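# Build the 3D model from these lines:
(2 chains)
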Number of protein chains: 2
Amino acid sequence: MATSSSVSAAKGLVGVAVSSHGASSASYADCLALPSGLALSSLAGLSLSSAPSSRFLQQRRWSHQLRRRAAPARAAAVETVEAATAEALVEKSVNTIRFLAIDAVEKANSGHPGLPMGCAPMGHILYDDVMRYNPKNPYWFNRDRFVLSAGHGCMLQYALLHLAGYDSVKIEDIQQFRQWGSRTPGHPENFETPGVEVTTGPLGQGVANAVGLALAERHLAARFNKPDNEIVDHYTYVILGDGCQMEGIANEACSLAGHWGLGKLIAFYDDNHISIDGDTEIAFTEDVSARFEALGWHTIWVKNGNTGYTDIRAAIKDAKAIKDKPTLIKVTTTIGYGSPNKANSYSVHGSALGAKEVDATRQNLGWPYEPFHVPEDVKSHWSRHVPEGAALEAEWNAKFAVYENKYKEDAAELKAIISGEFPAGWEKALPIYTVESPADATRNLSQQNLNALVKVLPGLLGGSADLASSNMTLLKMFGDFQKGTPKEQNVRFGVREHGMGAICNGIALHSPGLLPYCATFFVFTDYMRAAMRISALCEAGVIYV
Amino acid sequence: MATSSSVSAAKGLVGVAVSSHGASSASYADCLALPSGLALSSLAGLSLSSAPSSRFLQQRRWSHQLRRRAAPARAAAVETVEAATAEALVEKSVNTIRFLAIDAVEKANSGHPGLPMGCAPMGHILYDDVMRYNPKNPYWFNRDRFVLSAGHGCMLQYALLHLAGYDSVKIEDIQQFRQWGSRTPGHPENFETPGVEVTTGPLGQGVANAVGLALAERHLAARFNKPDNEIVDHYTYVILGDGCQMEGIANEACSLAGHWGLGKLIAFYDDNHISIDGDTEIAFTEDVSARFEALGWHTIWVKNGNTGYTDIRAAIKDAKAIKDKPTLIKVTTTIGYGSPNKANSYSVHGSALGAKEVDATRQNLGWPYEPFHVPEDVKSHWSRHVPEGAALEAEWNAKFAVYENKYKEDAAELKAIISGEFPAGWEKALPIYTVESPADATRNLSQQNLNALVKVLPGLLGGSADLASSNMTLLKMFGDFQKGTPKEQNVRFGVREHGMGAICNGIALHSPGLLPYCATFFVFTDYMRAAMRISALCEAGVIYV
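The predicted structure is shown next:
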């Protein structure tokens, strides 16, 4: 038997180098759940799916470890060293994110280094340990979604996409940060940069988009999953900051997320206590966690967000264990972590550090590299995500083939939603009006059309901001999308126009074939104007009725 | 000694017929606070201010009671009868409000009877027992402010203004409800109907306006009150509904109200559980009270809002006792209370009851009168508000004369704020720019102008939505308006554009000489567009910089 300390060390290694993307039954979370007395060899009994798959890759690594475990005493020593190395490597990898952000903002002489420097650990854990995605196909249907609601900190996301192997963010793209025509604009744009799910920047909207993404997953899972084949199964992660929390739209959307019980929505609240005007104490002293609990969320507080990798991982595991509530993980971070003179001040929020402070930060974090350098061991550490991502998608494709074979009609419908292809002749379902048609209110005609279309367009769903009976938005064949009835297609947004608009943007951007519609009285479009502008910008394809 | 039951009865009478408007030191709240063993004669020692005053009027009523108390046994019997009569009279008076609303909506064949029918008791207590105002001068500076954030229920407010004796709402005006050019439009408009403080209807904005009104009171009190003369001293009351609560703007503004500790803001949450689409269960299941506690509010729940007059009064007393937090009084009501077939359903929210149901409601509530009838005893009950209001204002004027005598400069400044009169030649304070002036960013010039103007315009105050250093909105002579420093003039709104806009509307409508300004980046005016529209509509005079 290994000593318990070596098991802990091995666990550290598992958590770092052997992360499973959570794809298989013995997922990352399960690794974390290993009681310290449990030998890793107990994992040897895992059944394998057909190669190449993530499980296969995982097994390879585990086998490697298990081999090492054959000579316990020596293995313990080796593992302790390797674990230390692994932890050091993660630290180095996290610092790579920090410096890619610092260097890009410095070169552009504009941008927001503070958030990436503080949120690098949680971003790292998400993209390296937790999320399931395929870098070479950013649009793989069953990917986990990530939304950076605090979109100004986009260098965090660009650095992560780059490290993970997305072709949309090469190192040259990062060097072109904020330049005209580059794929790395000053805020994330889903139509510019594959891997970016939604366009964010206007605060509060990203988290509302994320609620839409999570609603879409919940709805599709309820409609298409079978006891023997959970073909829709992914999470939505979001990082939001103090600014997002202050915006009313975030409260609207999060109230709905709590109401709907969207358990696969996990939000990180980057609680760095700094906004542009200084310490948030000057305008924002509410108890955010208590508010989210009031909204029906599960909340967790990680107090050491700059360095507490284990705590962040444990929080995610806890969040995943709660199935019927979204989770807010409040992570206390330091804006501009690592900058000796500017950390924890608003000066690092939205400006380049300046050459002198960049040097000081390099010194402080022990970063001897040239700008934009990604150390080879960091590259190597991340390199597995391309084959693993391909394996994840292949595994899912195989699962879908089985599904298709058994559930032909459902599979065709789901395929239409995934591809966004309208069935041939769909437009023939539309009612025809002529000058002889009896006069009627346009909202009644709208309802006739919605109810005709939903019969041929499986992704149509939506509703009104508490005006369904006035806007005539009810789909008569369906009940309400609710916590207990998530397969239904009438969405009740309550009196929350702005949240409704942004949630619909999220639904639309989940899958090309999802066609959300929303409605209110024309004058109240004023309330949702910012969401409508984003919708137009990113061609979200929301239908306003 | 009277028996304790007769004291209770007398207390009932005090609470009903002898309400003091809370104007004097032995206020309505003090009456409620009488322990049941305490004889009313202990109040005889009250010192009086110069007549005519509310205290004088109060004293007259108390004397009347004290005389009655000379023959205890007989008095007890009389008082019990009178108290019963008084309670019955209040019930009748409350039903008057209900039927004025029912009849007006019925005649117009459009409108919202449901809220007035449910909120009549709390509205009644506010206007009849608690609030200090002068019906013949709706603009008396030191009046308590009332905002119906759920503006669609405006017949509640029109009925109350009518009963209280405002000239703006005669019975003929109520009969013209919702007619073109009438003073009783379908939602309250401050520029149409004196007595209406702010234009409401777009949900959530009223409560944000109320935060602005309460901020203004807090600020002016801090600037102008003296230990021997609290010349600024009034409350802001608001009724908001489920719809207001769902809107993000309400959360933004209420977060700030909690942050600022606006203890003289008392909000009634009409928790009737019904919105247009039906039971709020379909879209709104958060714990509102817990959310408000998270926002730093004091919360109280009155479960019997349809009939629980005593509980509502006690809640207001509790709210007033909390000096450093705003209070949310959640009042569980029945929408359309009294309508046997439509109460507690969305059908009574926004449509006339229909002749048959109006008859049934008349039967049910025992209302034998013709439409628009105000019974003589109800009229008589309310008639005291005209002389009392005049006395309140006279008393305050006398207080102001004393103030002016002692604090000349402050009095002049406060007068300018109350009147809105700019000092002669104020425009000479503005910087002059010529073609020779060095080029500069307009936001810098804006800041120069703000800082020049604040020296001559005492009511200038404002700030930015977390962009002060970008929008250049800081007044250099001043610190931040905060809980501990409410006399300062830089307001920190946080990242809450919509709330900022509506709070500024409230500040502007508090006093003609208050000149709030607010700022954000142009693109984010999308977030505050609905508030800007209202501002333009009601000529709130907010400055956007």
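# Which helix or which strand is home to the residue most central in space within chain A?
Residue closest to the mean C-alpha point of chain A, counted by C-alpha atoms, centre = their mean, is residue A:146 at 1.7 Å. Taking DSSP states H and E as the criterion, the element that holds residue A:146 is strand A:145-148.
# Quick one: the helices in the stretch 301-450 of chain A, in order.
Under the criterion DSSP state H, counting those that start in this stretch, the stretch 301-450 of chain A contains helices at A:309-321, A:355-365, A:376-382, A:385-406, A:408-419, A:442-453.
# Could the C-alpha coordinates of the longest one be exported in PDB?
Right, helix A:385-406. Extracted C-alpha coordinates of helix A:385-406, given in PDB (Å, rounded to 0.1, in the frame of the first residue of the first chain):
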ATOM      1  CA  HIS A 385      -6.600  18.500 -25.200                       C
ATOM      2  CA  VAL A 386      -6.500  18.200 -29.000                       C
ATOM      3  CA  PRO A 387      -6.500  14.400 -29.000                       C
ATOM      4  CA  GLU A 388      -8.700  14.200 -26.000                       C
ATOM      5  CA  GLY A 389     -11.200  16.600 -27.500                       C
ATOM      6  CA  ALA A 390     -11.300  14.600 -30.700                       C
ATOM      7  CA  ALA A 391     -11.800  11.500 -28.700                       C
ATOM      8  CA  LEU A 392     -14.600  13.100 -26.700                       C
ATOM      9  CA  GLU A 393     -16.400  14.000 -29.900                       C
ATOM     10  CA  ALA A 394     -15.800  10.600 -31.500                       C
ATOM     11  CA  GLU A 395     -17.100   8.900 -28.400                       C
ATOM     12  CA  TRP A 396     -20.200  11.100 -28.500                       C
ATOM     13  CA  ASN A 397     -20.600  10.500 -32.200                       C
ATOM     14  CA  ALA A 398     -20.500   6.800 -31.500                       C
ATOM     15  CA  LYS A 399     -23.100   7.300 -28.800                       C
ATOM     16  CA  PHE A 400     -25.200   9.300 -31.300                       C
ATOM     17  CA  ALA A 401     -25.000   6.500 -33.800                       C
ATOM     18  CA  VAL A 402     -26.400   4.100 -31.300                       C
ATOM     19  CA  TYR A 403     -29.100   6.600 -30.400                       C
ATOM     20  CA  GLU A 404     -30.000   7.200 -34.000                       C
ATOM     21  CA  ASN A 405     -30.300   3.500 -34.600                       C
ATOM     22  CA  LYS A 406     -32.700   3.000 -31.700                       C
END
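# just checking, what packs against it?
helix A:54-68, helix A:408-419 (3 or more C-beta pairs under 8 Å, 6 or more residues apart in numbering or on different chains; DSSP states H and E). Where you see a C-beta, it was placed from the backbone N, CA and C, and this is true even at glycine.
# I'd say the residue nearest to the centre of chain A and residue A:131 touch.
Yes - in this structure, residue A:146 is within contact of residue A:131 by C-beta atoms under 8 Å, at 6.4 Å.
# Identify the residue of chain A closest to chain B, quick one.
residue A:248 (2.2 Å; C-beta to the nearest C-beta).
# what's in contact with the host helix or strand of residue A:530?
Secondary structure from DSSP H and E places residue A:530 in helix A:529-537. The contact list for helix A:529-537 (C-beta atoms under 8 Å, 6 or more residues apart in numbering or on different chains) reads A:189, A:191, A:199, A:202, A:205, A:208, A:249, A:498, A:500-502, A:504-505, A:508, A:525, A:540, A:542, A:544, B:524, B:526-527, B:529.
# picking up where we left off before, partner strands of the strand holding residue A:146, parallel or antiparallel?
strand A:236-241 (parallel) (DSSP bridges).
# For the closest residue to residue A:274 other than its chain neighbours, what are phi and psi?
Closest residue in space to residue A:274, ignoring its immediate chain neighbours: residue A:335 at 4.6 Å, by C-beta to C-beta, 6 or more residues apart in numbering or on different chains. Main-chain dihedrals, residue A:335, degrees, to the nearest 10: phi -60, psi 130.
# what's the burial count for residue A:335?
By the measure other C-beta atoms under 10 Å in any protein chain shown, the count of residues near residue A:335 is 29.
# Now do the contacts for it.
A:114-115, A:117-118, A:272-274, A:343-346, A:348-349.
# again with residue A:345
A:274, A:335, A:336.
# again, only this time at 10 Å
A:114, A:274, A:278, A:279, A:334, A:335, A:336, A:339 (C-beta atoms under 10 Å, 6 or more residues apart in numbering or on different chains).
# quick one on the thing from earlier: number of residues surrounding the residue of chain A closest to chain B?
If we define neighbours as other C-beta under 10 Å, then residue A:248 has 29 of them.
# List the residues that contact it.
Residue A:248 neighbours (C-beta under 10 Å, 6+ apart): A:204, A:496, A:498-499, A:527, B:204, B:208, B:247-255, B:495-499, B:527.
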